[in-house]
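Engineer: sequence first, predicted coordinates after that:
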Amino acid sequence: MYESDNPEHYKKDKIETWDAIGSQMSDEEEIGYLKGSAAKHLFRFGYKGGLTIDKAIMDVKKAIKYLIKLLQKLEGLRKEGHKMADVHTQTNVEDLFKDKT
């Protein structure tokens, strides 16, 4: 499994920040948060902190961590018997911009 640095400042009382954030969200919101966080690290691939191979590797590792967390979330929902329709009401980003009148 891929690991990226996980500094202590992302943990408070042994609770991971993403778990604390996710606990305040619906399943759909948490899925979006994890997808968005993975995408963020891929979009800034190698640019944050300088154009180096090491920074690019770090961004990919962080994206993978979020994707693994997303996979675990989805597997947990499947195990509980959920369907995607239960946790995914937006069919596409384009739907956010459609005129609803």
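Structural biologist: Thanks, I have it. Not measured: the values here are computed from a predicted model.

Engineer: what residue ranges in the chain score low on pLDDT?
Structural biologist: Within the chain, the ranges that satisfy pLDDT under 70 run 1-13, 86-101.

Engineer: who touches the most centrally placed residue in it in this structure?
Structural biologist: Central residue of the chain (Cα atoms, centre = their mean): Leu34, 1.6 Å from the mean position. For Leu34, the contacting residues are 18, 22, 66-67, 69-70, 73, by Cβ atoms under 8 Å, 6 or more residues apart in numbering. (Each C-beta comes from the backbone N, C-alpha and C, glycine too.)

Engineer: mind doing that once more with 7 Å?
Structural biologist: Applying Cβ atoms under 7 Å, 6 or more residues apart in numbering, we find Leu34 in contact with 66, 69-70, 73.

Engineer: format those residues as CSV; extra columns: distance to Phe43, neighbour count and secondary structure.
Structural biologist: Output for the contacts of Leu34, formatted as CSV (distance: Cβ to Cβ, whole Å; neighbours: other Cβ atoms under 10 Å; DSSP: H, G, I helix; E, B strand; the rest coil):
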residue, distance to Phe43, neighbour count, secondary structure
Tyr66, 13, 21, helix
Lys69, 18, 19, helix
Leu70, 16, 18, helix
Lys73, 21, 17, helix
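
Engineer: I'd like those as JSON lines, with distance to Asp27 appended.
Structural biologist: As requested, the contacts of Leu34 are exported to JSON lines (distance: Cβ to Cβ, whole Å):
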{"residue": "Tyr66", "distance to Asp27": "16"}
{"residue": "Lys69", "distance to Asp27": "13"}
{"residue": "Leu70", "distance to Asp27": "12"}
{"residue": "Lys73", "distance to Asp27": "8"}
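
Engineer: the chain: helices as residue ranges?
Structural biologist: Ranges of helices in the chain, per DSSP state H, are 17-22, 27-43, 53-79, 84-87.

Engineer: residues near Arg78, how many?
Structural biologist: Neighbour count for Arg78, taken as other Cβ atoms under 10 Å: 11.

Engineer: now Lys83
Structural biologist: Lys83, neighbours per other Cβ under 10 Å, totals 9.
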